[in-house]
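1. quick one, what's the 3D model for this:
(chains A, B, C and D)
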Protein chains: 2
Amino acid sequence: MVAAKIRDVARAAGVSPSTVSRALAIPEMVSPATRERVRRAADHLHYAPNRAARGLITGRTGNIGLIVPDLANPFFPGVVKGVQAQARDADYAIFIADTDEDMTAEVGLVRALSKQVDGIVLCSPRMSEDDVVSLGSETILVLLNRRVGRIPAVTFDNADGMRQTVAHLAALGHRKVAWIGGPRSSWSNRERSRSLRAATTAAGLDLVIVGHFPPQFEGGVAAADLVVATGATAVVTYNDLMALGLLSRLRARGVAVPDRISVVGIDDIPMAGMSSPALTTVSLAKERAGRAAVDLLLDLLAHPDGVLSPRRDLPAQLLVRDSTGVAHED
Amino acid sequence: MVAAKIRDVARAAGVSPSTVSRALAIPEMVSPATRERVRRAADHLHYAPNRAARGLITGRTGNIGLIVPDLANPFFPGVVKGVQAQARDADYAIFIADTDEDMTAEVGLVRALSKQVDGIVLCSPRMSEDDVVSLGSETILVLLNRRVGRIPAVTFDNADGMRQTVAHLAALGHRKVAWIGGPRSSWSNRERSRSLRAATTAAGLDLVIVGHFPPQFEGGVAAADLVVATGATAVVTYNDLMALGLLSRLRARGVAVPDRISVVGIDDIPMAGMSSPALTTVSLAKERAGRAAVDLLLDLLAHPDGVLSPRRDLPAQLLVRDSTGVAHED
DNA sequence: ATGAAAGCGCTAACAG
DNA sequence: CTGTTAGCGCTTTCAT
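-> Purely as a prediction, here's the structure:
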């Protein structure tokens, strides 16, 4: 039994295809009686319009593209879930592409994808600004966790997160804070380290930058010994994965957390609550961000010349757990 | 500048649209000279065929659907990456849907998706067999990590994994092994516990089933105290997430791993290598599985009446790490 | 309020 | 080897 087409419904309801189309899409343009008849025939035949055919004429695909650098990074599943949920509610399907941090192919991939979707949620911390801008001019684009020019974007309030973090650490008596940076080229890394600097300065704390490391568990491991050497009593890392690596290496070295050093991560990935000590972290509203990005995109699609550069800045909330404690004088 | 259409290319190359179509799709059917001319015109105009339009006539969308229960489960990103990589190579795009373990909507979701794709890779450990079968009759389907009837499937060699595990534990002197089960309704849970039973029996070890727990970190935490009470010196868990939860709770209780109890997980998720002690686990070829699933799907599409029920069983390889050690006599 | 006709962009017969 | 014709399934003028 092959799928029913609009003609079949039309025949079954005794009307023309155009009427079926209208009855389903613009019900108020058709008399209640026929509307009912069509409706009944349609779902009797399990009719669902062929989206490709519709797209051909409307120019809309009903699809949204989502580009993420690495699905294995536990930060992204939350975002993806948000995107999916919201897209599904609006009856959009999502095309996903994991670029695998492969920057070379990324632009081409987005271009290819862009022909099959109405808009793209782009999460690419390291694509060059020029590339982002040029994509932005060809495609309806919403940036996630990054801002470039006036392109619509959803971001997190890093400044507030860092302010909360510093307030917390200062209240615990810490005077010297170390920062373990992520990739130099990452937008959010720049944001976060800048925000942390501002916050520590404002609070009169010392800040020591330990350097740039891969945004992975291993990056945190690699940074640990350097952190200890700085004499800082508190550390903030670019993300949770690194914080977990740091925790691991500190334990291996016998450096007690939080007794000797307090550790704060960013992201609030699921594992953060499961480590021991449980990781204090700046929790980002990942799912909300995904939903917000889709909302933005749909707005953009609905109002092609609406407000320029809509932006959403989502909350960052410090989640205090066992990895931070009162600073000890030595 | 709007995207070039086949007519534009035809005009630029001084040929008819059909010739362009052929030159690009079936080059050997067109004279080398025109072929070249068309090619040049095409990429001069950055021409790319509209896939929706093509699909309308060929009946192929060039898309593959991928259904996973929960992207946040670290097992899946590996699979997704494999699927993506292989799909991309074959110039297929992938539609992904995270069902969020929502079994009620799942079937409907798959049905909806199936109209926009040529085939579906379905990873749904708990959908009822009846539902799977009925989907299988409507859609080209490849099951991942599960077998139902004669539907094409990619699975892991659980039996071999459990055999290796038991051999390892027996060699370390363990005599009594505990099993922490996952969801009762999950296909792979049944497989794994059955395989473990067979392997322990064959090796003359005692097996004690601790029960069924959520396939999460929390499930492992919940099972820990029960495990200790059994007096088993080794534990195998349904998956790594549970093993990590178990490890965490055992440490909290002061039960040394691997000195008092050896722990073995299954999956080899990234965090497994990062815990301390590092988790011994049965590593599954996740990415290969994703690729194999796509291969199978493409085969099925190419040979609609090829071999019935092609199956792939991928290797499961025990990865010995610090969480297993010599059994101590008490 | 409804139907007829045209056409979205492409490919697949069918001629030549 | 190449062009002409027809039509995939749908929406949207344009009539009525």
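
2. does the nearest residue to A:Ile151 once chain neighbours are set aside lie in a helix or a strand, and which?
-> Here the nearest residue to A:Ile151 in space, its sequence neighbours aside, is A:Gly136; by C-beta to C-beta, 6 or more residues apart in numbering or on different chains that works out to 4.5 Å. Just so you know, the C-beta spots here come from the backbone N, C-alpha and C atoms, and that holds for glycine as well. With elements taken from DSSP states H and E, the one containing A:Gly136 is helix A:129-138.

3. so, in contact with chain B or not, the next helix or strand along the chain from that helix?
-> Moving toward the C-terminus from helix A:129-138, the first helix or strand encountered (DSSP H and E) is strand A:141-144. No. With C-beta under 8 Å from any C-beta of the partner chain as the threshold, strand A:141-144 lies outside contact range of chain B, at a closest distance of 15.8 Å.

4. helices and strands around strand A:141-144, which ones?
-> Identification of packing neighbours for strand A:141-144 by 3 or more C-beta pairs under 8 Å, 6 or more residues apart in numbering or on different chains; DSSP states H and E yields strand A:119-122, helix A:129-138, strand A:153-156, helix A:286-302.

5. could these go into a markdown table alongside mean pLDDT, mean neighbour count and distance to A:Ala198?
-> Listed next are the helices and strands packed on strand A:141-144 as a markdown table, based on pLDDT from 0 to 100; neighbours: other C-beta atoms under 10 Å in any protein chain shown; distance: least, C-beta to C-beta, whole Å:
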| stretch | mean pLDDT | mean neighbour count | distance to A:Ala198 |
| --- | --- | --- | --- |
| strand A:119-122 | 97 | 26 | 27 |
| helix A:129-138 | 93 | 15 | 23 |
| strand A:153-156 | 98 | 26 | 16 |
| helix A:286-302 | 95 | 21 | 23 |
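
6. nearest to A:Gln84, out of those?
-> helix A:286-302 (7.5 Å; C-beta to C-beta).

7. send me the closest one as CSV with only the CA atoms.
-> The C-alpha trace of helix A:286-302 is given here as CSV (Å, rounded to 0.1, in the frame of the first residue of the first chain):
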residue,chain,number,x,y,z
LYS,A,286,22.0,24.3,27.5
GLU,A,287,18.6,23.0,26.6
ARG,A,288,17.1,26.4,26.8
ALA,A,289,19.8,27.7,24.5
GLY,A,290,18.9,25.1,22.0
ARG,A,291,15.3,26.0,22.2
ALA,A,292,16.0,29.7,22.0
ALA,A,293,18.1,29.2,18.9
VAL,A,294,15.3,27.5,17.2
ASP,A,295,12.8,30.2,18.3
LEU,A,296,15.1,32.8,16.9
LEU,A,297,15.4,30.9,13.6
LEU,A,298,11.7,30.5,13.3
ASP,A,299,11.2,34.2,14.0
LEU,A,300,13.7,35.1,11.3
LEU,A,301,11.9,32.8,8.9
ALA,A,302,8.6,34.3,9.7
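
8. now stretch A:18-28: how far from the chain's centre is it?
-> Using C-alpha atoms, centre = their mean, to the nearest Å, the distance from the centre of stretch A:18-28 to the centre of the chain it belongs to is 37 Å.

9. and chain B, is that stretch touching that?
-> No. Under the criterion of C-beta under 8 Å from any C-beta, stretch A:18-28 makes no contact with chain B; the nearest approach is 15.4 Å.

10. that older thread, how far off centre is the helix holding A:Gly136?
-> For helix A:129-138, the distance to the chain centre is 19 Å (C-alpha atoms, centre = their mean).

11. and for stretch A:278-285?
-> 15 Å.

12. I'd like the helices and strands packed on strand A:141-144 as JSON lines, with distance to B:Asp89 appended.
-> What follows is the helices and strands packed on strand A:141-144, written out as JSON lines (distance: least, C-beta to C-beta, whole Å):
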{"stretch": "strand A:119-122", "distance to B:Asp89": "22"}
{"stretch": "helix A:129-138", "distance to B:Asp89": "23"}
{"stretch": "strand A:153-156", "distance to B:Asp89": "32"}
{"stretch": "helix A:286-302", "distance to B:Asp89": "28"}
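
13. out of the ones you listed, the one nearest B:Ala10 is which?
-> Each of these has some distance to B:Ala10 by C-beta to C-beta; the shortest is helix A:129-138, at 23.6 Å.

14. quick one: list the elements packing against that closest one.
-> Applying 3+ C-beta pairs under 8 Å, 6+ apart, one finds that helix A:129-138 makes contact with helix A:103-114, strand A:119-122, strand A:141-144.

15. contacts for it?
-> The set of residues that contact helix A:129-138 without belonging to it, under C-beta atoms under 8 Å, 6 or more residues apart in numbering or on different chains, is A:106-107, A:110-111, A:114, A:120, A:122, A:124, A:141, A:143, A:146, A:148-149, A:151.

16. could you check the angle that helix makes with helix A:103-114?
-> Between the axis of helix A:129-138 and that of helix A:103-114 there is an angle of 10 degrees, by axes from the mean of the first three to the mean of the last three C-alpha atoms, to 10 degrees.

17. now check the one helix or strand in chain A whose mean pLDDT sits lowest, is it near chain B?
-> Least confident helix or strand, chain A: helix A:103-114 with a mean of 86, by mean pLDDT, DSSP states H and E. Yes. When contact is scored as C-beta under 8 Å from any C-beta, part of helix A:103-114 falls within range of chain B: A:Ala112, A:Leu113.

18. got the contact list for stretch A:312-320?
-> Counting contacts by C-beta under 8 Å, 6+ apart, the residues touching stretch A:312-320 from outside are A:153-158, A:160-161, A:164-165, A:168, A:264, A:266, A:268, A:280-285, A:288-289, A:292-293, A:296.

19. can you do 6 Å?
-> Residues outside stretch A:312-320 that contact it (C-beta atoms under 6 Å, 6 or more residues apart in numbering or on different chains): A:154-157, A:160-161, A:164-165, A:168, A:268, A:280-285, A:288-289, A:292.

20. quick one on the thing from earlier: in ChimeraX, how would I select just the buried ones from the contacts of helix A:129-138?
-> What follows is the ChimeraX syntax selecting those of those that are buried according to 16 or more other C-beta atoms under 10 Å in any protein chain shown:
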select /A:106,107,110,114,120,122,124,141,143,146,148,151
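
21. out of the contacts of helix A:129-138, who's nearest chain B?
-> Nearest to chain B among the contacts of helix A:129-138: A:Arg111, at 8.7 Å, using C-beta to the nearest C-beta.

22. what sits against that closest one?
-> Contacts of A:Arg111 were listed using C-beta under 6 Å, 6+ apart, and none were found.

23. any low-confidence regions in the stretch 1-150 of chain A?
-> Of all residues in the stretch 1-150 of chain A, those with pLDDT under 70 make up the ranges A:1, A:101.

24. so which bits of it are right by DNA strand C?
-> Taking C-beta under 7 Å from any atom of the strand, the part of the stretch 1-150 of chain A that reaches DNA strand C is made up of A:14-19, A:22, A:29-31, A:33-35, A:53, A:56-57.

25. biggest separation within these, which pair?
-> By the measure C-beta to C-beta, those have their two most distant members at A:Ala33 and A:Leu56, which lie 30.9 Å apart.

26. more neighbours: these two, which one.
-> Counted by other C-beta atoms under 10 Å in any protein chain shown, A:Ala33 and A:Leu56 do not tie: A:Leu56 has more neighbours, with 16 against 8.

27. which helix or which strand is home to that one?
-> Using DSSP H and E, A:Leu56 maps to helix A:51-58.
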